[in-house]
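Got a predicted model here, sequence first, then my questions.
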Amino acid sequence: MNYVPAAKLVGIFGIRGELKCEPIVAGSTPFETGNEYALDAAGRTLVRCRSIRPHQNRLLIAFEGIDDPDAARALAGKTLYAPSETQSLAEGEYFDRDLIGAQLVDENDRLLGDVVGVEHMPAHDCLVVGPKRALVPMVAAFIRSIDVGRKRIVVADLPLGLIEGEPL
């Protein structure tokens, strides 16, 4: 079975072994209670999701057998992998890995910067662009097209000041 990165486990939460989870799929969450996920890309170490819930702009995930902060601490900082066949994307959803490295250009084909990351915010996802780490909201008002194959994202009507002066 092939596994793909699905989330970062960024820290522990509370006393029941829950972990703060940051999905790395722009658009939705790839997790379901009862499903197994891997703690390595080869799928050698598997954990079963006991629960998943939103909490203050984050997801909290718990695994069977991880019932206290000490056990959860051992998983903090790890990447969580999902079976590739469970990772289907709806229209307008993208894997972070497909967006990172893309060139951000305006409608006149002027290079604005390179996408260096994706931030998953409560209201919408944002592209992290260039060394200045400018955040470009992934909303229809700004994003005109995304060509994953060409690693190219066309934007328009960005807020004033976001792209003025030096490249992002």
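That came through, no problem.

Spatially nearest residue to the residue nearest to the spatial centre of the chain (excluding sequence neighbours)?
Most central residue of the chain, judged by C-alpha distance to the mean C-alpha position with C-alpha atoms, centre = their mean, is Ile24 at 2.2 Å. Distances taken as C-beta to C-beta, 6 or more residues apart in numbering place Asp96 nearest to Ile24, at 4.3 Å, with adjacent residues excluded. From N, CA and C alone the C-beta is placed, and that goes for glycine too.

Let me see the backbone angles for that neighbour.
Note on Asp96: its backbone torsions stand at phi -50, psi -40 [degrees, to the nearest 10].

Which pLDDT value belongs to it?
Here, the pLDDT recorded for Asp96 equals 81.

Val118 too?
Reported pLDDT at Val118 in the predicted model: 86.

Contact partners for it?
Contacts of Val118 were listed using C-beta atoms under 8 Å, 6 or more residues apart in numbering, and they are Ile24, Ala26, Asp96, Leu99, Ile100, Asp125, Cys126, Leu127, Val128.

Need those in a markdown table (columns: secondary structure).
Formatted as a markdown table, the entries for the contacts of Val118 read as follows, by DSSP: H, G, I helix; E, B strand; the rest coil:
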| residue | secondary structure |
| --- | --- |
| Ile24 | coil |
| Ala26 | strand |
| Asp96 | helix |
| Leu99 | helix |
| Ile100 | coil |
| Asp125 | strand |
| Cys126 | strand |
| Leu127 | strand |
| Val128 | strand |
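
among those residues, who's most crowded?
Using other C-beta atoms under 10 Å as the neighbour criterion, Leu127 leads those with 28 neighbours.

That residue: what's it in contact with?
Leu127 is in contact with Leu99, Leu104, Val115, Gly117, Val118, Leu135, Val136, Met138, Ile153, counting by C-beta under 8 Å, 6+ apart.
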